[in-house]
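Trainee: coordinates only, sequence not included:
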């Protein structure tokens, strides 16, 4: 087939659909990649295996430390796996309980410090400026600073040190970890590992549900609430919502059918686990995340949403005016467990809700008694005995509302600092999403308008024609590259929306719980730096 112009080439490429995955597999199956895979498998065994003799564990940890010094990015790849599974093995150090996710942050800091003493061409120098917005860093440091300040009035300094250490790890990950995410592929590898770790937790939850592996208190409506390795169903549901929000965004907004099918299957696996947790807070957070994905990713639906908002306001006004009986909302309120609650004699159905409300009230009383610095960061359970309500004399460890918990522990100054930190997070995330949208619009404007799909030319005469016309050859492959870049930017946009949706789900779920447990703060820090770095990496056709 010959043609006087490149734009007249049509799709005549008959490559087998099995050949492209084979070529991709052959490209990545190299000796270095195989060696890295073996090392990762050994590291995962070290971090997740049952307790072993210390002489073996120390040797393996030392090997992992050396590997992290040579390749600090490895710590970022392993953290998504160690956050859910690392709690199975931990080290007690001066009252601090460090799991493998915490140890990896320490190794990352050591690798970063060691890079200054190594030559320019070695692994640890494979980094660049973090480009973290200054306002985000200032807000985070101000939040940590208020924690340190509140420790001066703490009842137990050890409890304060645990919380301060948790957020210092976030500072290290954001400031140092972001320097090692240099390419789009590295960001997507971390996202893939987050999803794979979520799938593993989902199947672990299936096993718990099938064999009824759990305490009697986790049984609700003749079904066991699964809890994974998080000891409680609510933080388990909060964790599952993170990869679930990402995969839902990729399913709805991804570019190719391969991306959407893989993301959709993952979302189904994670969604079933979310349902088995029977966490009402998790379900509400997931609904809010899904609404955010639709509004942010489907602009043409916003007009309909405006109509729905006006309709909602009209119903609310009619409810206030007494035109709509309140009794019609009883089924929904009964589902949420906020009707007919008794603190003195709660029923089995509303016991958890009554207990949560009692902890809210106790936290508010702490805040009113200590409005400036609170009772000390991490000291809510230590001060609870003076503020408990009715029969709920035992503290659950936090106020079951992180915002109330922060107000109780570090006062109004700390609450303001935390809210400013959240504001900075979403400003930075929104800026990243806008920049990706600009790149996508520009790439679409540069796409050729005469041909929807361009395939490689077939036949010697066509190839000879391009070789004899260098300008046509450059234009032809530039157009192919442009189609590939548009697809990658579309997926990047979907990923950015999914990362923001995961952060929205966390903030929503924190209204009825505390998700900053089991090193989830480290995973949240990874989400944030991936989101911020995503706008600065330029998609390449070879990615």
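Mentor: Noted; the coordinates are in hand. Since we're looking at a predicted model, the values are computed, not measured.
Trainee: now the strands: where do they sit in the stretch 51-200 of the chain?
Mentor: 90-93, 96-99 (DSSP state E, counting those that start in this stretch).
Trainee: nearest to residue 175, of the ones you listed?
Mentor: Closest approach to residue 175 among those (Cβ to Cβ): strand 96-99, 19.9 Å. All C-beta spots, glycine's among them, are computed from the backbone N, C-alpha and C.
Trainee: Please name the strands paired to that closest one in the sheet, noting orientation.
Mentor: The strands that strand 96-99 pairs with in its sheet are strand 90-93 (antiparallel) (by DSSP bridges).
Trainee: tell me the mean pLDDT over the strand it pairs with?
Mentor: In this model, strand 90-93 has a mean pLDDT of 74.
Trainee: Give me the contact list for it.
Mentor: Residues outside strand 90-93 that contact it (Cβ atoms under 8 Å, 6 or more residues apart in numbering) are 97-100, 103.
Trainee: can we see that at 6 Å?
Mentor: 97-99 (Cβ atoms under 6 Å, 6 or more residues apart in numbering).
Trainee: follow-up on the earlier one: now, of the strands of the stretch 51-200 of the chain, which is deepest in the fold?
Mentor: strand 96-99 (a mean of 16; mean count of other Cβ atoms under 10 Å).
Trainee: gap between it and the chain center?
Mentor: From the chain centre to the centre of strand 96-99 is a distance of 22 Å (Cα atoms, centre = their mean, to the nearest Å).
Trainee: ok, now stretch 439-446?
Mentor: Counting by Cα atoms, centre = their mean, stretch 439-446 comes out at 28 Å from the chain centroid.
Trainee: got the buried residues for that stretch?
Mentor: Using 16 or more other Cβ atoms under 10 Å as the test for burial, stretch 439-446 gives 439-440, 443.
Trainee: residue ranges of the strands in this structure, please?
Mentor: Listed in chain order, the strands of the chain (DSSP state E) span 90-93, 96-99, 219-220, 223-224.
Trainee: which one of these lies closest to residue 385?
Mentor: Of those, the one closest to residue 385 (Cβ to Cβ) turns out to be strand 96-99, at 22.6 Å.
Trainee: what residues does that closest one touch?
Mentor: Outside strand 96-99, the residues touching it (Cβ under 6 Å, 6+ apart) are 86-87, 90-91.
Trainee: Now tabulate those residues in JSON lines and tack on distance to residue 522.
Mentor: JSON lines is the format used below for the contacts of strand 96-99 (distance: Cβ to Cβ, whole Å):
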{"residue": "86", "distance to residue 522": "10"}
{"residue": "87", "distance to residue 522": "12"}
{"residue": "90", "distance to residue 522": "14"}
{"residue": "91", "distance to residue 522": "16"}
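Trainee: Can you tell me which of those is closest to residue 433?
Mentor: Distances from residue 433 to the contacts of strand 96-99, taken by Cβ to Cβ, are shortest for residue 86, at 30.7 Å.
Trainee: Pull the number of nearby residues for that closest one.
Mentor: Using other Cβ atoms under 10 Å as the criterion, residue 86 is surrounded by 24 other residues.
Trainee: Would you confirm that it contacts residue 100?
Mentor: Yes - between residue 86 and residue 100 there is a contact under Cβ atoms under 6 Å: 3.6 Å.
Trainee: Make TSV out of the strands of the stretch 51-200 of the chain and add distance to residue 311.
Mentor: As requested, the strands of the stretch 51-200 of the chain are exported to TSV (distance: least, Cβ to Cβ, whole Å):
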stretch	distance to residue 311
strand 90-93	51
strand 96-99	48
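Trainee: looking at those strands, which is closest to residue 169?
Mentor: Here strand 96-99 is closest among those (Cβ to Cβ), at 9.8 Å.
Trainee: and that closest one, what's its mean pLDDT?
Mentor: 80.
Trainee: Please apply the same query to stretch 237-244.
Mentor: Rounded mean pLDDT across stretch 237-244 is 97.
Trainee: Residues in contact with that stretch: which ones?
Mentor: By Cβ under 6 Å, 6+ apart, the surrounding residues in contact with stretch 237-244 are 194-195, 198, 270, 273-274, 277, 279, 282, 285-286, 502, 505, 509, 515.
Trainee: Ok, stretch 245-263 next?
Mentor: 264, 266-267, 289, 293, 297, 487, 490-491, 494, 497-498, 501-502, 505.
Trainee: where's the dip in pLDDT among those residues?
Mentor: Ranked by pLDDT, the contacts of stretch 245-263 bottom out at residue 487 (84).
Trainee: circling back to that earlier point, which two of the contacts of strand 96-99 have the greatest separation?
Mentor: Longest span within the contacts of strand 96-99, Cβ to Cβ: 87 and 91, 11.8 Å.
Trainee: picking that back up, looking at the contacts of stretch 245-263, state which has the most neighbours.
Mentor: residue 498 (32 neighbours).
Trainee: pLDDT score assigned to the residue nearest to that one when sequence neighbours are not counted?
Mentor: Of all residues not flanking residue 498 in the chain, residue 249 sits nearest, at 3.1 Å (Cβ to Cβ, 6 or more residues apart in numbering). Note for residue 249: predicted pLDDT of 97.
Trainee: and the gap between residue 249 and residue 439?
Mentor: Separation of residue 249 from residue 439 (Cβ to Cβ, to the nearest Å) stands at 18 Å.
Trainee: For residue 227, list the residues it contacts.
Mentor: By Cβ under 6 Å, 6+ apart, the contact list for residue 227 reads 233, 236.
Trainee: mind redoing it with 8 Å?
Mentor: 205, 208, 214, 218, 233, 236, 277 are the contacts of residue 227 under Cβ under 8 Å, 6+ apart.
Trainee: Now do the helices in the stretch 401-543 of the chain.
Mentor: 402-445, 460-468, 470-509, 520-534 (DSSP state H, counting those that start in this stretch).
Trainee: what's the most buried one of the ones you listed?
Mentor: Comparing the helices of the stretch 401-543 of the chain by mean neighbour count (mean count of other Cβ under 10 Å), helix 520-534 ranks first with a mean of 24.
Trainee: And that one, what does it pack against?
Mentor: helix 73-85, helix 100-114, helix 157-176, helix 184-211, helix 233-253, helix 402-445, helix 470-509 (3 or more Cβ pairs under 8 Å, 6 or more residues apart in numbering; DSSP states H and E).
Trainee: and the nearest residue to residue 238 once chain neighbours are set aside, how far is that from residue 112?
Mentor: Once flanking residues are discounted, residue 238 sits nearest to residue 515: 4.1 Å by Cβ to Cβ, 6+ apart. As judged by Cβ to Cβ, residue 515 and residue 112 stand 27 Å apart.
Trainee: Looking at those two, which one has more neighbours?
Mentor: Counted by other Cβ under 10 Å, residue 515 and residue 112 do not tie: residue 515 has more neighbours, with 26 against 21.
Trainee: Contact partners for the more buried one?
Mentor: Residue 515 neighbours (Cβ under 8 Å, 6+ apart): 235, 238-239, 402, 506, 509.
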